[in-house]
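Visitor: Give me coordinates for this.
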Amino acid sequence: MLNTNASSAGRILSWDRLSKEKSAEITMIENNVINRMIRVLRLVVISFLISVLASCSENQYSKVIIKDPHLYVPLNGSMMTSGYLGIYNESSDIIEIKGIDCSPIRAEIHETKMNSQEGMSMKKIDSFLLEPGENSIFVPGGKHVMFWGLNNYNSKYLRCIFLVSEGQPIEINFLVEERG
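Guide: Numbers count the residues shown, from 1 in each chain. Alright, predicted model coming up:
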């Protein structure tokens, strides 16, 4: 009888140890599941915040389209050249462009006009308005960007920004093309 009780007690102790191991295993699995849920919840919250911030930072100037910005390297012996592009205002707001910055390269917006007294003249434009739905095309003989100091420039692109009266500047990456 003693043996039977000892055997039963051994089984009970063995069962109790097995039960504790199973309980610890279940707790570990539950902790892993909880940790995964917390990570997923963090990702969802971060994604939501990023999308909210991105939509808040969008402004009227994200609806400005720049097409085909390019410039030609200066002719031999010249320090200046001109650049061209198209700009389209898709927003419902009037955008005032107050200049261009291509630091460290000097740049200005110019316009060539024909008039009866002087023939053809070119002058710097301090600012211009881009109405909603309006295009402005920078072409030879019209509006264009004048650049100084590009004679030793050896990058494929020149990063510039249009300065605007309100809001974020408008980025432009001029393709630097060889003449020919």
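
Visitor: Tell me how far I97 lies from N89.
Guide: Per C-beta to C-beta, to the nearest Å, I97 is found 10 Å from N89. All C-beta atoms are positioned from the backbone trio N, CA, C, and that covers glycine.

Visitor: got it, and K63?
Guide: Using C-beta to C-beta, K63 is found at 7 Å from N89.

Visitor: And P140, by the same measure?
Guide: 23 Å.

Visitor: try T81
Guide: From T81 to N89 the distance is 27 Å (C-beta to C-beta).

Visitor: now swap in F128 and tell me
Guide: Counting by C-beta to C-beta, the gap from F128 to N89 is 11 Å.

Visitor: I66 too?
Guide: The value you get for I66 to N89, if C-beta to C-beta is used, is 11 Å.

Visitor: out of these two, which sits in the busier spot?
Guide: Higher neighbour count among I66 and N89: N89, with 22 against 15, using other C-beta atoms under 10 Å.

Visitor: ok, and the closest non-adjacent residue to I170?
Guide: F162 (4.1 Å; C-beta to C-beta, 6 or more residues apart in numbering).

Visitor: swap in H110?
Guide: Closest residue to H110 apart from its sequence neighbours, by C-beta to C-beta, 6+ apart: M146 at 5.0 Å.

Visitor: For the one you found, grab the count of nearby residues.
Guide: 17.

Visitor: where's it, which helix or strand?
Guide: Using DSSP states H and E, M146 sits in strand 143-148.

Visitor: ok, that strand: who's next to it in the sheet?
Guide: Using DSSP bridges, the strands paired with strand 143-148 are strand 80-89 (antiparallel), strand 106-115 (antiparallel).

Visitor: Neighbouring strands - and their directions - for the helix or strand just after that strand?
Guide: Next helix or strand after strand 143-148 toward the C-terminus (DSSP H and E): strand 157-164. Note on strand 157-164: by DSSP bridges, its sheet partners are strand 95-101 (antiparallel), strand 170-177 (antiparallel).

Visitor: Measure how far strand 157-164 is from the centre of its chain, please.
Guide: Remark: strand 157-164 is offset 13 Å from the chain centroid, using C-alpha atoms, centre = their mean, to the nearest Å.
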